[in-house]
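Asker: here are the coordinates; sequence isn't available:
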Ligand code: ADP
Ligand code: MG
């Protein structure tokens, strides 16, 4: 509608490929749990960044997205907040049998560690646990942690493909699949591993983030999500 159009124009946001709700101007207008809002505030996030304003309500609607916005624009919370919100919807009755509900892929271990750190802050005091699946640490410990019950796994493609072959990890409830830094993922040659993971899971929502949008990035995104909304914020990086 007209309100969305004007708001997006002002925020330099473009949306193509389908309907998504208008941008939110505050975190509290997105219907998040009080505790999650409290955590957002204690981290020091007063207002959502432009990418968060549009990607959060779109992701909360269950849409599959390809989101491009500059480095440093707050893309991490754009997917972590909807993931935590999704997981809280399950947590009351299923605390006894917690299985991963979301999987986040990033191209490097360091990035995985950063994403998990932010997830811990956002999920503090909530029934939301995370596990890292990255190289450099024994896999047995990582698997054990998942078996003890976590909602979200964060890992690099290679290690996650290893995880797939471990029959003692149940990934059947993973419904949100996140690809962070898709451009970098392609540059590093992770395409086949990403596709292998995607095919092995049965996710209903894919959230993809990239600083740059090239034809390769769009092609990969389309091969993963049949119905894809593309959100671009600002001018793409060159
Ligand atoms: P990107 O993934 O787009 O490169 P990040 O998610 O890593 O960006 O965020 C960059 C920095 O901005 C981080 O230090 C993060 O804590 C901070 N940040 C994210 N969202 C907000 C917000 N709404 N308000 C203030 N700071 C934020
Ligand atoms: Mg990022």
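Answerer: Structure's in. What do you need? Only a predicted model underlies this, so the values are computations on that prediction, with no experimental measurement involved. Ligands and ions are numbered 1, 2, ... in the order given.
Asker: contacts for stretch 158-168?
Answerer: 103, 105, 133-135, 139, 142-143, 147, 153, 155, 169, 171, 190, 193, 196-197, 200 (C-beta atoms under 8 Å, 6 or more residues apart in numbering). In short, each C-beta sits where N, CA and C put it, glycine included.
Asker: how about 7 Å then?
Answerer: The contact list for stretch 158-168 (C-beta atoms under 7 Å, 6 or more residues apart in numbering) reads 105, 133, 134, 135, 139, 143, 147, 169, 193, 196, 197, 200.
Asker: what does stretch 184-202 give?
Answerer: Under C-beta under 7 Å, 6+ apart, the answer for stretch 184-202 is 103, 105, 107, 157-158, 160-161, 164, 171, 174, 177, 179, 216-217, 220, 224.
Asker: any bit of the helix or strand of the chain with the lowest mean pLDDT sitting next to ligand 1?
Answerer: Lowest by mean pLDDT, DSSP states H and E among the helices and strands of the chain is helix 75-94, with a mean of 88. Yes: using C-beta under 6 Å from any ligand atom, we find that helix 75-94 touches ligand 1 at 75, 76, 77.
Asker: any idea which element residue 207 lies in?
Answerer: strand 205-210 (DSSP states H and E).
Asker: now the angle from that strand to helix 75-94?
Answerer: If you take axes from the mean of the first three to the mean of the last three C-alpha atoms, to 10 degrees, strand 205-210 sits at 160 degrees to helix 75-94.
Asker: just the buried positions in the helix or strand that strand 205-210 is followed by, please.
Answerer: Using DSSP H and E, the helix or strand that follows strand 205-210 in sequence is helix 215-224. Across helix 215-224, burial judged by 16 or more other C-beta atoms under 10 Å covers 217, 218, 220, 221, 224.
Asker: roughly how far apart are the second one and residue 234?
Answerer: Taken as C-beta to C-beta, to the nearest Å, the spacing of residue 218 relative to residue 234 amounts to 17 Å.
Asker: swap in the fourth one?
Answerer: Between residue 221 and residue 234 the distance is 19 Å, computed by C-beta to C-beta.
Asker: Three-state assignment for residue 231, please.
Answerer: When classified by DSSP: H, G, I helix; E, B strand; the rest coil, residue 231 comes out as strand.
Asker: contacting residues for it?
Answerer: 13, 15, 54, 55, 58, 65, 67.
Asker: do that again at 10 Å, thanks
Answerer: Shown in contact with residue 231 (C-beta atoms under 10 Å, 6 or more residues apart in numbering): 8, 13-17, 20, 23, 51, 54-55, 58-59, 63, 65-69, 78, 209.
Asker: buried ones among those?
Answerer: For the contacts of residue 231, a neighbour count by 16+ other C-beta under 10 Å gives the buried set as 8, 13, 15, 17, 20, 23, 51, 54-55, 58-59, 63, 65-69, 78, 209.
Asker: from the residues you listed, which land in strands?
Answerer: In strands, defined here by DSSP state E, the members of the buried ones among the contacts of residue 231 are 13, 15, 65, 66, 67, 68, 209.
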